[in-house]
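Participant: based on what follows, work out the 3D shape:
(chains A, B, C and D)
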There are 4 protein chains.
Amino acid sequence: MLPIAFLGPQGTFAEQAARTFAGAELDSYEFVPARTVSLALGAVRDGEVELACVPVENSVEGAVGTTMDGLAVGAPLEAVAEVLLPIRFSVLVRPGTPAAKVRTVASHPHALAQVQTWLEEHLPDAEAQAATSTAAAAVGVAKGEFDAAVTAPVAAVHYPLEEFATGVADVGDAVTRFFVLARPGRTPAPTGADRTSVVAVAERNRTGVLAEMLTELALRGINLSRIESRPLKGRFGEYRFYLDFDGHLAEQRVGDALAALHRRCRDLRFLGSYPRADRGVTSAEPGNTDADYVAAAGWLAGLRDDQARLASTGTRSNSKPNSDR
Amino acid sequence: MLPIAFLGPQGTFAEQAARTFAGAELDSYEFVPARTVSLALGAVRDGEVELACVPVENSVEGAVGTTMDGLAVGAPLEAVAEVLLPIRFSVLVRPGTPAAKVRTVASHPHALAQVQTWLEEHLPDAEAQAATSTAAAAVGVAKGEFDAAVTAPVAAVHYPLEEFATGVADVGDAVTRFFVLARPGRTPAPTGADRTSVVAVAERNRTGVLAEMLTELALRGINLSRIESRPLKGRFGEYRFYLDFDGHLAEQRVGDALAALHRRCRDLRFLGSYPRADRGVTSAEPGNTDADYVAAAGWLAGLRDDQARLASTGTRSNSKPNSDR
Amino acid sequence: MLPIAFLGPQGTFAEQAARTFAGAELDSYEFVPARTVSLALGAVRDGEVELACVPVENSVEGAVGTTMDGLAVGAPLEAVAEVLLPIRFSVLVRPGTPAAKVRTVASHPHALAQVQTWLEEHLPDAEAQAATSTAAAAVGVAKGEFDAAVTAPVAAVHYPLEEFATGVADVGDAVTRFFVLARPGRTPAPTGADRTSVVAVAERNRTGVLAEMLTELALRGINLSRIESRPLKGRFGEYRFYLDFDGHLAEQRVGDALAALHRRCRDLRFLGSYPRADRGVTSAEPGNTDADYVAAAGWLAGLRDDQARLASTGTRSNSKPNSDR
Amino acid sequence: MLPIAFLGPQGTFAEQAARTFAGAELDSYEFVPARTVSLALGAVRDGEVELACVPVENSVEGAVGTTMDGLAVGAPLEAVAEVLLPIRFSVLVRPGTPAAKVRTVASHPHALAQVQTWLEEHLPDAEAQAATSTAAAAVGVAKGEFDAAVTAPVAAVHYPLEEFATGVADVGDAVTRFFVLARPGRTPAPTGADRTSVVAVAERNRTGVLAEMLTELALRGINLSRIESRPLKGRFGEYRFYLDFDGHLAEQRVGDALAALHRRCRDLRFLGSYPRADRGVTSAEPGNTDADYVAAAGWLAGLRDDQARLASTGTRSNSKPNSDR
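Facilitator: Just a heads-up that it's a prediction; the model follows:
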């Protein structure tokens, strides 16, 4: 069984995401809770586990800072998958608890905030109580400290509680995006519907440097799907840029763009090429297909070969024939 | 007294930031706690208060999603100031409590996470307890529910507690950035060290659209200081872009860039021009000074004037003389 | 009658172009030959004539340097029309001259070069003789110095000669482009199918300056139709750039682009907006229509108005509604 | 002896340029006049000669269309040198001819135009006569058809004439630029002060395509030194672009830019990398040095290698260390 760490404790959305990743092969994985994102990443780095599933971005809350920071420094890790999980909560109670008996409802403050309207409607008399995680709230209910917990659905698997309600969410379409991370060397094969992530530190304080970086992508027809800036070393004013864009490391134009960013940046880290969770197929426009890159590289190599010798035959073409297109 | 809302309850870092903004004129302001960011923004929109102080971005946690979303929709609000607050906590206890008696220490889970190392060293036996806010933790200590609370320093002003420790932070240089927001019409005069913020929704799914937006800034010599993408309406795949850049609405090149972004975007919202908290002076390169813009506009107007009449005198110059530079 | 100078003497292609420009209103113009391009330009500048018709560019020979240079310095002139003239020659002889009697054929060396194949086929025994212009060759034939002259068709109007052949050209589709120039103040009204010309001197020796200039056009959706570089003051290494692009001075995006080029250049001269000879209609993409420019300027003005007063009503929108598109 | 064709007949500026190219090794070359540029280029293509020296660009007249067109089509040729020749004429007469006896002065019309002021001052009574070339004028003087010829200085070597005047030019600093062309395979080694020439046909009618091509150069820090557009196949509206830029095919950034242009263009032809006649040294900015390209390519190769195998050791770095700079 392949050990996969997740941001625990047992019963979190991260576990739910890890199980989604496993899909039909649930039995091939051992799910290992980690207390923090840092510990989850460290477990992969140290080889204790092979994979880690951690949240990257929440459509309501935004980027998950500890994951972003944890990927930018330390031994390199690469995403081998992304998982999009709709954020819908279950409300768990001890078996047989009626609504009238729910006087306290506990969860992580963020989760409480996301079901506030639902609580006001369905459990108007219950007092909200903070817990350090949704799963800790479930533990508290099991122990009798609280009457109800707002949790990920998977929490019902681990605790002796029953669903009072499920699919609960004030904002119907909130989604959290998770990365499944591995040590380098496991990049999945291209599927035609892939995404690539990097984190870049630009040369300091030069006007236009980010515009140039994005122009490197745009000139190669590569669609940027997300950009995030995070202050470097806790200071504002100098930033790391996290870029997600369409395509796979194995594609010529993506490799070419990565090399261009590498030259242009003070620091560039590859965070993986992996299948897009939305299966959106990427296509390269004429001039940016793999064939165009191969043709251009071959043409250039031909020119340079000629330089090394006196080509008496003159059969080499230094021109790209119109018939290419 | 000018009423200013802050993300409460009393004793939060947002109150601390509002007081920092007030500075020497503390007595001119009435500080009004609001339970959520949305309520604080709403209070300004409704005219209940004149200003609101809310967190925008934390150097550890990243962007504050609710503030970002709250500014992008609803009646327009504009930042009239930014405040940078070093995140250093106080640990408050009931007067006279010795370390040995601190068995529980409460705070918002994020605050607990930021002082975890300090707690392990100085209060190794205390159990961490979640609260819905740092201030709620202080209230809990006052009520005897917890023994210590990790709070903003200003909490000591409001609650009958004493400082067990202050200046506490695992990461020494964490900073939170706050906006002081107002209804439109209060844009501060330019200081020469200003920043401008906008939120933009680009045309959907066109490769290179963000590169073009940033190129509009770069071509005018405008330095981008921050960029953030937030999924639109809870969906990934379509994003709002939050841009902070150097300069002031009143500057020609900034106005010109704003107009260009307006043309290029499906939706563009001005979030204010305000003095930079770091006082960093902005300078325009030759070709992008206000004088250059005025000269170019005058030249163009001259050309167009000529078009409307038959200029028999021929004294108008359609050329920019070399001596301009 | 409106006097129009042309690059003479009588019977040149420039006269032919001037007559093409006059079209049905031939009688409204007085056609005045000028010995050189400089003299033709000077006659307009001095007010001796109202218009001048001079060659700009030949599809075989390339740009006409003296015209290019003459427009870049001195009192400003602006094109009010362009004329495209297919270069097809007539071969003129004294009335009644049979092929067998044509022993010498004269013309400007460039004209001789363009009919060389025709001469080899039709007058294989005739010796080619250089003349200072095609019209001078016609004069020489009239005087009996030569037997045949290769000329513009219009030469037959002026000299007592007859057409031995007409429509003669080795390269069937050679075309010369002429400008009809005037003193500033006569810019024709926009037709929807217009072209604008400028000559720019960029800041010296800065890498990428021309790329930036062209990006200013591209970002506004303006199609460049021609670019030419000419060494400045007879030196290589520093160049003037002649740009022709689609659109008219009266269009918002064109005016905006001109102002941007003006800021970016050491010297920028407007060379006119005039109807395209090929009648190719220009269209502005969404984001670059006049309406978009007007909307953006209005939005910006609104923001700036707010700055000057305390807007107590709060009714102003600082946002571009989605419904714009 | 290495045969080198030049645009003849004997005594032209092209011969003068070929001799300048030969320099101290004059005896190693056999100078072969060709009647037209096309014939000169054809002689190299057919292997009759090894090199050809033809004019490319004149600082007064502009680009030489026949050379430009001749290089763009047919079997590929590449420049191995450029020669800059100040255009100063000699006036040749039969030995012993005094000024008073000079009643006719002959030359190519272009040459006559460039010495017109000098003639008015020094030979006010002489009548100007057209000849098909400067050298043809010298032949005519030798034969007694004319009294004086305006020629390249080298003409005095070939004809039994003497210098009446030398260093003659109305515009003191006119310069003609010549290419020395060879079949592919002779690219000179990089000198650090090199130039590269290409001719490109862009995708038809796409707004911004030239801006993108120049941006490909600018992003790599490559300085464009000249740009020329020539109508394609005798039609206006579709153009070939001739680009000259700093650097040598053997440089990484130049090769990378050439490959990018190749992908972007319908047709791209390499016209050579050769030492700059002005010896201006080119330097690459940080991020665009050969070392940066090698580092980026190595980094990318490392990433891709990882993909093909399960890297159990985890020793590969996917990051560019800060210490690079």
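
Participant: direction included, what does the helix or strand that contains residue A:32 pair against?
Facilitator: For residue A:32, the host element (DSSP states H and E) is strand A:29-34. Applying DSSP bridges, strand A:29-34 is found paired with strand A:2-7 (parallel).

Participant: CA atoms of the strand it pairs with as CSV?
Facilitator: In CSV, the C-alpha atoms belonging to strand A:2-7 read as follows (Å, rounded to 0.1, in the frame of the first residue of the first chain):
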residue,chain,number,x,y,z
LEU,A,2,1.2,3.4,-0.9
PRO,A,3,1.2,5.7,2.1
ILE,A,4,-0.3,9.2,1.4
ALA,A,5,-0.3,11.8,4.1
PHE,A,6,-3.1,14.3,4.4
LEU,A,7,-3.7,17.4,6.5
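
Participant: quick one: contacts of it?
Facilitator: Strand A:2-7 is contacted by residues A:12, A:14-15, A:17-18, A:21-22, A:28-34, A:36-37, A:39-40, A:43-44, A:48-55, A:180 when judged by Cβ atoms under 8 Å, 6 or more residues apart in numbering or on different chains. Just so you know, the C-beta spots here come from the backbone N, C-alpha and C atoms, and that holds for glycine as well.

Participant: please flag which of those sit within strands.
Facilitator: Among the contacts of strand A:2-7, the members found in strands (DSSP state E) are A:29, A:30, A:31, A:32, A:33, A:34, A:51, A:52, A:53, A:54, A:55, A:180.

Participant: what does the stretch 201-325 of chain A put close to chain B?
Facilitator: Residues of the stretch 201-325 of chain A lying close to chain B by Cβ under 8 Å from any Cβ of the partner chain are A:205, A:207-208, A:210-212, A:214-215, A:217-218, A:221-231, A:233-237, A:239, A:241, A:278, A:280.

Participant: mind checking which of those residues are in helices?
Facilitator: Of those, the ones assigned to helices by DSSP state H are A:210, A:211, A:212, A:214, A:215, A:217, A:218.

Participant: give me the buried entries from these.
Facilitator: Neighbour counting by 16 or more other Cβ atoms under 10 Å in any protein chain shown classes A:210, A:211, A:212, A:214, A:215, A:217, A:218 among those as buried.

Participant: which two among these are spaced furthest apart?
Facilitator: By the measure Cβ to Cβ, A:210 and A:218 form the most distant pair in these, at 12.2 Å.

Participant: what about residue A:53, how many neighbours?
Facilitator: Counted with other Cβ atoms under 10 Å in any protein chain shown, the neighbours of residue A:53 add up to 29.

Participant: what's in contact with the helix-or-strand element of chain A with minimal mean pLDDT?
Facilitator: Sorted by mean pLDDT, DSSP states H and E, the helices and strands of chain A end with strand A:62-63, the least confident at a mean of 74. For strand A:62-63, contacts defined as Cβ under 8 Å, 6+ apart pick out A:56, A:57, A:228, A:230, A:242, B:62, B:63, B:64, B:65, B:68, B:228, B:230.

Participant: give me the lowest-pLDDT entry from these.
Facilitator: Among these, residue B:62 carries the lowest pLDDT, at 72.

Participant: list the beta-bridge partners for that residue.
Facilitator: Residue B:62 has these beta-bridge partners by DSSP bridges: residue B:58.

Participant: count the residues that sit near it.
Facilitator: Look at residue B:62: counted by other Cβ under 10 Å, it has 23 neighbours.

Participant: now do it against residue B:244, distance only.
Facilitator: According to Cβ to Cβ, to the nearest Å, residue B:62 and residue B:244 sit 14 Å apart.

Participant: which bits of the stretch 1-150 of chain A sit near chain D?
Facilitator: A:45, A:47, A:75, A:76, A:78.

Participant: in helices, which of those appear?
Facilitator: If you go by DSSP H, the residues of the stretch 1-150 of chain A next to chain D have residue A:45 in helices.

Participant: can you turn the buried part of the residues of the stretch 1-150 of chain A next to chain D into a PyMOL selection?
Facilitator: Buried subset of these, written as a PyMOL selection, criterion 16+ other Cβ under 10 Å:
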select buried, chain A and resi 45+75+76+78
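
Participant: between all of the residues of the stretch 1-150 of chain A next to chain D, which two are separated the most?
Facilitator: Counting by Cβ to Cβ, the most remote pair of the residues of the stretch 1-150 of chain A next to chain D is A:47 and A:78, 15.0 Å apart.

Participant: are the lengthiest helix in chain A and chain D in contact anywhere?
Facilitator: Determined from DSSP H, the single longest helix within chain A is helix A:290-308. Yes. Contact of helix A:290-308 with chain D (Cβ under 8 Å from any Cβ) involves A:292, A:293, A:295, A:296, A:297, A:299, A:300, A:303, A:304, A:306, A:307.

Participant: so which bits of that helix are buried?
Facilitator: Buried residues in helix A:290-308, counted by 16+ other Cβ under 10 Å: A:292, A:293, A:295, A:296, A:297, A:299, A:300, A:303, A:306, A:307.

Participant: quick one: least confident of those residues?
Facilitator: Within the set of the buried residues of helix A:290-308, pLDDT is lowest for residue A:307 (58).

Participant: who in the stretch 151-300 of chain A is up against chain D?
Facilitator: Residues of the stretch 151-300 of chain A lying close to chain D by Cβ under 8 Å from any Cβ are A:183-187, A:201, A:203, A:212, A:215-216, A:219, A:249-250, A:255, A:258-260, A:262-270, A:287-288, A:292-293, A:295-297, A:299-300.

Participant: can you say which helix or strand has residue A:199 in it?
Facilitator: Assigned by DSSP H and E, residue A:199 falls in strand A:194-202.

Participant: tell me which residue of the stretch 51-200 of chain A lies closest to chain D.
Facilitator: Among all residues of the stretch 51-200 of chain A, residue A:185 sits closest to chain D, at 2.9 Å; criterion: Cβ to the nearest Cβ.
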